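Asker: Prediction below, plus the sequence it came from.
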Amino acid sequence: MRDLYDVLGVSNNASNDEIKKSYRKIALKYHPDKNPGDKEAESKFKEAAEAYSVLSDNRKRQQYDQFGHAGVGMGDQTQGFSGGGFHHMSMDDIFGQFGDVFGSDIFGSIFGGGRGRQTIRRGQDLRATIELTYNEIVTGVEKTIKIKRLEHCVTCQGSGAAPGVSPTTCQQCGGAGRVRQMSQSFIFQSVVERECPICKGTGKVIIKPCKSCSNGQVRKSVSVKVKVPAGVESGNYMRLDGQGNKGESGQSAGDLVVFFEEENHPHFVRDGENVFLEAVISFSMAALGISIEVPTIDGGNVSLKIPSGIQSGQILRMRKKGFPVMRGSSRGDQLVRVHVETPSGLNKKQKSIFEELESKENKVKQSYRKIKL
């Protein structure tokens, strides 16, 4: 799939206003109403609408910047955009979305009052946590998690009304979901628009409720597949569109926000894309040098050459043995800190060997130096 910023013709640090203006220009140019029967124009219109739906949402934009298309449920994710509803947007709808760019609702100011809109009561977002092993983070993995969420009732199809009975138009607001109240002060008179208290903004009233549910919702346990990209860290998260609670009275679903946590590893410590490990060697190994087998986060062992005369605390670097860099092809490094174990509890023979060594080695002049913290 194309980069979403390229689709809208903006840079990846574009402001919200720049994104809105660019989308409006593209949407007006390729709108199906202006290009009837033109499949290419329709495709470009849908592509721009999908890009705008992500980049205009700060949370989704952050996920896209971090994870790419996988982070917002596009590409291989099954929770991606359907795209089917975008071509039904009218020209008025496109202009209406950009009232804040031009200072007000331009249609409301021209024709006397804005269009009444119902309040869309989407379902609540849900949160889940997935714990990952280092090996799963290296390769990426698909996980299936079980969650409990509110689903639309099968008896009433989510309407909340008894079978055979349809919700009726709210008489209080006339189906608009909003009511206007006039406020009079000593000098000024103003009109305030509020959510209708009778229908709660839906524009519909249920006369005979469904007995199988509450407002068209029932709680169920469901399984959700999550495609985890390689290189994630603790605290990273993905937002899966439409995988949260379904809304009341058949309204749209919220999202499922999945947070990632790393399992504690018995040997490794992570630092961004790099990983640290301590290797303990003997005094003689440090003096003579040796090759040792070192475990890696890939699950196997790699030979590491310890040079002769290495000092305790010295760090050796194993290139490209760390974690993958998200949205990239490179990897971090594995850093091995060497700890030289000084022998203790020597017997007479061992002491004699060290005494002989001490008498023949070059004398180390006693000195002092500043500790590096």
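Answerer: Happy to help now that I have it. Numbering: from 1, shown residues only.

Asker: Quick check: nearest residue in space to the residue nearest the centre of the chain, chain neighbours excluded?
Answerer: Of all residues in the chain, the one closest to the mean position by CA atoms, centre = their mean is Met238, 2.6 Å from it. Using CB to CB, 6 or more residues apart in numbering and skipping residues adjacent in sequence, the residue nearest Met238 is Val258, 5.0 Å away. (Glycine included, C-beta is placed from N, CA and C.)

Asker: Return the residues in contact with the one you found.
Answerer: Val258 is in contact with Arg127, Ala128, Thr129, Ile130, Ile145, Val226, Tyr237, Met238, Arg239, Leu240, counting by CB atoms under 8 Å, 6 or more residues apart in numbering.

Asker: and it, that one's in a strand?
Answerer: Yes: Val258: assigned to a strand according to DSSP: H, G, I helix; E, B strand; the rest coil.

Asker: distance of it from Leu357?
Answerer: For Val258, the distance to Leu357 equals 59 Å [CB to CB, to the nearest Å].

Asker: State the distance from Pro343 to Phe354.
Answerer: Distance of Pro343 to Phe354, computed by CB to CB: 8 Å.

Asker: now Ile137
Answerer: Taken as CB to CB, the span from Ile137 to Phe354 is 45 Å.

Asker: Between the two, which is the more surrounded one?
Answerer: Between Ile137 and Phe354, Ile137 has the larger neighbour count (other CB atoms under 10 Å), namely 23 against 12.

Asker: ok, the residue nearest to the centre of the chain touching Val224?
Answerer: No: between Met238 and Val224 there is no contact under CB atoms under 8 Å: 11.2 Å.

Asker: in the lengthiest helix in the chain, what's buried?
Answerer: Using DSSP state H, we find that the single longest helix of the chain is helix 39-55. Within helix 39-55, the residues that count as buried by 16 or more other CB atoms under 10 Å are 41-42, 44-55.

Asker: Helices of this protein, start to end?
Answerer: Applying DSSP H to the chain gives helices spanning 4-8, 16-30, 39-55, 58-67, 91-97, 99-102, 106-111, 134-139, 283-288, 348-360.

Asker: just the CA coordinates of the fourth one, formatted as PDB?
Answerer: Spelled out, it's helix 58-67. Extracted as PDB, the C-alpha positions of helix 58-67 are listed here (Å, rounded to 0.1, in the frame of the first residue of the first chain):
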ATOM      1  CA  ASN A  58      -3.900  12.000  16.400                       C
ATOM      2  CA  ARG A  59      -3.900   8.600  18.000                       C
ATOM      3  CA  LYS A  60      -4.100   6.700  14.700                       C
ATOM      4  CA  ARG A  61      -1.500   9.000  13.200                       C
ATOM      5  CA  GLN A  62       0.900   8.200  16.000                       C
ATOM      6  CA  GLN A  63       0.300   4.500  15.500                       C
ATOM      7  CA  TYR A  64       0.900   4.800  11.700                       C
ATOM      8  CA  ASP A  65       4.100   6.700  12.300                       C
ATOM      9  CA  GLN A  66       5.300   4.000  14.600                       C
ATOM     10  CA  PHE A  67       4.100   0.800  13.100                       C
END
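
Asker: Among the contacts of Val258, which ones are in strands?
Answerer: Among the contacts of Val258, DSSP state E puts Arg127, Ala128, Thr129, Ile130, Ile145, Val226, Tyr237, Met238, Arg239, Leu240 in strands.

Asker: Figure out how far stretch 321-340 is from the centre of its chain.
Answerer: Per CA atoms, centre = their mean, to the nearest Å, the displacement of stretch 321-340 from the mean C-alpha position of its chain is 23 Å.

Asker: same question, stretch 168-184
Answerer: For stretch 168-184 - counting by CA atoms, centre = their mean - the centre lies 38 Å from the chain centre.

Asker: May I see the buried residues of it?
Answerer: Burial within stretch 168-184, assessed by neighbour count using 16+ other CB under 10 Å, is assigned to Cys170, Cys173, Gly175, Ala176, Gly177, Arg178, Val179.

Asker: Can you pick out the most distant pair from those residues?
Answerer: Comparing all pairs in those by CB to CB, the longest separation belongs to Gly175 and Val179, at 11.5 Å.

Asker: returning to what we had before: could you dump the helices of the chain into JSON lines with mean pLDDT added?
Answerer: Shown next, in JSON lines, are the helices of the chain (pLDDT from 0 to 100):
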{"stretch": "helix 4-8", "mean pLDDT": "92"}
{"stretch": "helix 16-30", "mean pLDDT": "87"}
{"stretch": "helix 39-55", "mean pLDDT": "87"}
{"stretch": "helix 58-67", "mean pLDDT": "83"}
{"stretch": "helix 91-97", "mean pLDDT": "47"}
{"stretch": "helix 99-102", "mean pLDDT": "36"}
{"stretch": "helix 106-111", "mean pLDDT": "32"}
{"stretch": "helix 134-139", "mean pLDDT": "94"}
{"stretch": "helix 283-288", "mean pLDDT": "91"}
{"stretch": "helix 348-360", "mean pLDDT": "83"}
